[in-house]
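> following is a predicted model, sequence given first.
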Amino acid sequence: MNSLVIGSLAFNLYLVGRKSLSCCLWRCGHEVTRPVAVEGAEIGDAIVIRIQDITVTSLATASGNGNFMDGRFVGDPYVAGKCPQCGTLYPATHLDGIGQTAVRCNNCGADVTPFNFTNGYIIFFDPNHLVGVTLPREAAETIARNAKAYTKLPDNSIQIPILAFSPHDLVGLVARLRPYPSSEVVQISMLPQKTV
Ligand SMILES: [Zn+2]
């Protein structure tokens, strides 16, 4: 069980979270799990969280080098998107096809993604999630057209999977799959918080 230490108190709590592996194109750069309330915690208390296991469920994911799109965000492109055409802040979006211009503003239909790939790839995993291979255009586009299913998004997810961008600049590279607690897992914040 995970061990949590709150101030002078210590107790055990077992948490199971499910989130997608990929990046997302929503109000934040990475979709998060639900908040967890810790009864009795005081402002400034510390929490120790030990991650015991990570199970990858996505069938494929995408990554690469990114490029921020001027005029499509205010300050931080990961959290403050802005439609370059109608000016809506945090615009609700939908997909219109696949590719790097497919994320559109619900209000006016403009391409609103705040960042895109300068060079990217989709990597598809074997059934045991031990290795993956980066895909050519036709296979990448097949996956992009069914991005939510290949990402295995959690039921309540509202993100647009990055697979929809269909990047395919790096083809035929085989790599091992080694889950690790990157920013996808450890983006943990506390509310209310206290400056220390
Ligand atoms: Zn718009």
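Okay, I see it.

> near the ion, which residues of this structure show up?
83, 85-86, 105, 107-108, 110 (C-beta under 5 Å from the ion). Placement of C-beta: from N, CA and C, glycine included.

> packing partners for the helix ranked longest in the chain?
Ranked by number of residues, the top helix in the chain under DSSP state H is helix 137-144. Here helix 137-144 touches strand 115-125, going by 3 or more C-beta pairs under 8 Å, 6 or more residues apart in numbering; DSSP states H and E.

> now do stretch 151-165, average pLDDT.
Averaged across stretch 151-165, pLDDT comes to 86.

> show residues contacting the longest helix of the chain.
When contacts are defined by C-beta atoms under 8 Å, 6 or more residues apart in numbering, helix 137-144 is touched by residues 60, 98-99, 122, 124, 135, 150, 163-168.

> out of the residues you listed, which sit inside strands?
Within those, residues falling in strands by DSSP state E are 60, 122, 124.

> for this structure, which segments count as strands?
Using DSSP E, strands in the chain cover 2-6, 9-13, 60-68, 93-95, 103-105, 115-125, 131-134, 174-176.

> would JSON lines of those strands with mean pLDDT, distance to residue 40 and mean neighbour count be doable?
Formatted as JSON lines, these follow (pLDDT from 0 to 100; distance: least, C-beta to C-beta, whole Å; neighbours: other C-beta atoms under 10 Å):
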{"stretch": "strand 2-6", "mean pLDDT": "42", "distance to residue 40": "7", "mean neighbour count": "15"}
{"stretch": "strand 9-13", "mean pLDDT": "49", "distance to residue 40": "7", "mean neighbour count": "11"}
{"stretch": "strand 60-68", "mean pLDDT": "92", "distance to residue 40": "38", "mean neighbour count": "18"}
{"stretch": "strand 93-95", "mean pLDDT": "93", "distance to residue 40": "39", "mean neighbour count": "16"}
{"stretch": "strand 103-105", "mean pLDDT": "96", "distance to residue 40": "42", "mean neighbour count": "21"}
{"stretch": "strand 115-125", "mean pLDDT": "95", "distance to residue 40": "40", "mean neighbour count": "19"}
{"stretch": "strand 131-134", "mean pLDDT": "98", "distance to residue 40": "43", "mean neighbour count": "19"}
{"stretch": "strand 174-176", "mean pLDDT": "96", "distance to residue 40": "43", "mean neighbour count": "9"}
